[in-house]
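**Q** structure here, sequence nowhere to be found:
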Ligand code: PSU
Ligand code: MN
C-alpha cells in the first residue's frame with residue numbers, strides 16, 4: 001500500500017499479498033509495560049514464537065511520525081531503550097504523526113492500524129478496560145471502544161484485576177464483542193487463570209476461533225473478538241495473592257495522584273517491585289503463550305479465507 005503516513009515492512013506486505021498468516025503485535029507493552037532489557041528480549045521472543053508457529057510477526061509502532069506495520073531489529077530495540085516515547089492511544093495518533101514523533105501503540109491504536117493493513121489477528125498480554133472506581137473517574141480504556149468497532153481478533157490473557165473485571169465484561173457485552181474463554185469456562189485475569197467471572201463463550205481450539213472470526217465479519221457484523229487465553233499453570237500467581245498486591249499498588253497510585261494514561265504503566269511497575277519480579281516473569285510467560293495461540297489462529301483464519309476463495 002502506498003501512503004505517506006503508513007509504512008508496511010516488505011516481509012509483512014508480501015505475506016499479506018500472498019494471503020499468508022500475519023500476527024500484529026503492540027509496542028506499548030515494550031515501551032511502557034515492561035522494564036529494559038526484559039522488554040526488548042520479550043519482544044524478540046514473541047516475534048520468534050510467532051514465526052515458529054508459521055506466521056509473520058508485525059510489531060506496530062510510530063517512528064518519526066510514520067505508522068509502521070512491522071519493525072526491524074533496530075527500531076524494536078529503540079522502543080525498549082528510549083525514554084519519553086509517547087504512549088499512543090487512538091486519540092493520540094494524529095498528534096504524534098503530525099509532530100513527527102515516536103509513539104508506542106496501545107491495544108486500541110494497534111488494532112486500528114492493523115486493520116488499515118488488513119491484519120485480522122493481534123497478540124498482546126492484557127487489554128485495558130473499565131478501571132476500578134470508573135463510576136467517579138470515567139476511566140474506561142479506548143481499547144474497549146476499538147474492540148467495539150474494528151475488525152481484529154485480540155489474543156489476550158484476559159484483563160488484570162487492576163481493572164474492574166465485571167464491569168469490563170459488561171461494557172464488552174454492550175459493544176457487541178464476543179469474549180471467548182480459550183479452553184476453559186472462566187474468564188482469566190492475566191496473572192491468574194481465574195477471575196470469579198465466567199467467559200460468555202468458550203472455544204477449545206484455534207480453528208473454532210478462526211471460524212467465529214470468519215462468521216462474524218462475513219455476515220457484516222463489525223468489531224473485534226476478544227480471545228481470553230489463560231496463563232500456563234506453571235507461571236500462574238494465585239488470584240488472592242495478586243489481589244493483595246494489586247490493592248497495595250492501587251493505594252500507591254492514589255497517594256501519588258497518578259491518573260489517566262499513566263495509571264496502567266505505574267501499576268505494572270509497582271507490581272514488579274512488590275512481587276520482586278515475579279509478576280514480570282508471569283507477564284512474559286503469558287505473552288509468549290498468547291503468541292503461540294495467535295499464530296495458530298492466524299494460520300487457521302488464512303486457511304478459512306483460502307477455502308472460501
Ligand atoms: N496491560 C498490560 N500491559 C500493558 C498494557 C495493559 O498488562 O502494557 C497497555 C496496553 O498497551 C493497553 C494499554 O492497550 O496499556 C491500556 O492503557 P489505558 O488503560 O491507558 O487505555
Ligand atoms: Mn484510561
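**A** Received, thanks. As the structure is a computational prediction, the values presented were derived from the model and not from experiment. Ligands and ions are numbered 1, 2, ... in the order given.
**Q** got the contact list for the residue lying closest to residue 178 once chain neighbours are set aside?
**A** Take residue 178 and drop its neighbours on the chain: the residue closest to it by Cβ to Cβ, 6 or more residues apart in numbering is residue 225, 5.0 Å away. Just so you know, the C-beta spots here come from the backbone N, C-alpha and C atoms, and that holds for glycine as well. In this structure, residue 225 makes contact with 152-154, 177-178, 180, 209, 212-213, 216, judged by Cβ atoms under 8 Å, 6 or more residues apart in numbering.
**Q** tell me the phi and psi of residue 225?
**A** With angles defined as degrees, to the nearest 10, residue 225 sits at phi -130, psi 130.
**Q** gap between residue 158 and residue 117?
**A** 26 Å (Cβ to Cβ, to the nearest Å).
**Q** just to be sure, residue 7 is in a helix?
**A** No: the assignment for residue 7 is strand, going by DSSP: H, G, I helix; E, B strand; the rest coil, so no helix is present there.
**Q** wait, doesn't it sit right on residue 62?
**A** No: at 10.2 Å, residue 7 does not count as touching residue 62 under the criterion of Cβ atoms under 8 Å.
**Q** anything in contact with each of those two?
**A** Contacts common to residue 7 and residue 62, judged by Cβ under 8 Å, 6+ apart, are residue 68.
**Q** the more surrounded of those two?
**A** residue 62 (26 against 18; other Cβ atoms under 10 Å).
**Q** can you pull the pLDDT of that one?
**A** With respect to pLDDT, residue 62 has a value of 98.
**Q** and it, backbone torsions?
**A** phi -110, psi 120.
**Q** how about the residues of this protein near ligand 1?
**A** Counting by Cβ under 6 Å from any ligand atom, the chain comes close to ligand 1 at 26, 28-29, 32-33, 89, 106-107, 125-128, 141-143, 160, 261, 264, 268.
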